[in-house]
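here is the input, now give the coordinates:
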Amino acid sequence: MSSTTADALRPVSARSALLGLLMGAEVPTLSARELVAGGGLVGFSETTVRVALSRMVAADDLVRTADGRYQLSERLSQRQRRQEAAIHVQTSAWDGDWDMVVVTATGRSAADRATLRATLAELRLAELREGVWVRPANLDLAWSDHLADLCERLTMRPTTDPAELAGRLWDLTGWADRARELLAATDTDDPVLRFTACATSVRHLLEDPALPDELLPADWPGPALRKAHLDYKDWLIDTRQALTERIS
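Predicted coordinates for the structure are as follows:
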């Protein structure tokens, strides 16, 4: 891995590392000793881990169980479920239709408008113009009654080249270039750099538009980045379990 690629990675905080360990665990409840072992694996001292755990409990990121173990708060458990669903995104065969969502609610506060925008972006919709969001209809949108109260959902087909439209709605070249940088960064024996690259990959995968193959550039790196992330997650679980057995 080149120094340029490594320098492009922002360091992961102890909080983010511990959340990554818990969100990646098969059973998202770990003891302090297990979290210390996992934190040490990715470059954090025992003191740093224990201080971060105290702060995370105080901030309602984590809950301390009756037997002294740590688990994600309900707020972050919901985030974990959304993240897992986003990473394991399931696409369907595409027949050329597009989903179109038109915001119809009026008189809402700026905060409410921002929340709605974030929700629609999480559904991998892109804003064609203010209040009009679209994407190819190859995903099962998690459409809720709340969204139905705020928006009208329609089906449409563009009269222009759909690949050209997708290229205007999403920065596909930029996403692919960053994905290749992250793939290169995961190819290292340095556990800290590898963890940092894979943690960054999670955020990048959440921004994958999950378009039909027909609308993607050649050599799209999305599947390769997703596989690298899942392979690392499996390795981290196995390694952490081995460390836990060693210290128990």
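
only C-alpha atoms for contact and neighbour calcs from this point on.
Will do.

tell me where the model's unsure across the protein.
The chain contains residues with pLDDT under 70 at 1-8, 24-28, 239-248.

and if we set it to 90?
1-44, 66-68, 75-90, 141-142, 184-203, 206, 226-248 (pLDDT under 90).

strands of that one, start to end?
29-30, 62-64, 70-72, 98-103, 126-129, 132-136, 151-156 (DSSP state E).

will you turn these into a markdown table that also has distance to residue 208?
Below are the strands of the chain laid out as a markdown table (distance: least, C-alpha to C-alpha, whole Å):
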| stretch | distance to residue 208 |
| --- | --- |
| strand 29-30 | 29 |
| strand 62-64 | 28 |
| strand 70-72 | 25 |
| strand 98-103 | 17 |
| strand 126-129 | 12 |
| strand 132-136 | 12 |
| strand 151-156 | 22 |
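
what's the spacing between residue 104 and residue 144?
15 Å (C-alpha to C-alpha, to the nearest Å).

and the two? Which one has more around it.
residue 104 (12 against 8; other C-alpha atoms under 10 Å).

circling back: how about the strands of the chain, which one is nearest residue 168?
Comparison of the strands of the chain against residue 168 by C-alpha to C-alpha identifies strand 126-129 as nearest, at 9.0 Å.

got the CA positions of the closest one in CSV?
In CSV, the C-alpha atoms belonging to strand 126-129 read as follows (Å, rounded to 0.1, in the frame of the first residue of the first chain):
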residue,chain,number,x,y,z
ALA,A,126,-31.0,10.9,-5.4
GLU,A,127,-32.5,14.4,-5.7
LEU,A,128,-33.4,15.3,-9.2
ARG,A,129,-34.6,18.7,-8.2
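
quick one: contacts of that strand?
Strand 126-129 has contacts (C-alpha atoms under 8 Å, 6 or more residues apart in numbering) with 120, 133-135, 169-170.

which stretches of the protein form helices?
Secondary structure of the chain (DSSP state H): helices at 3-7, 14-23, 32-41, 46-58, 74-87, 110-122, 145-150, 162-169, 172-186, 191-206, 222-247.
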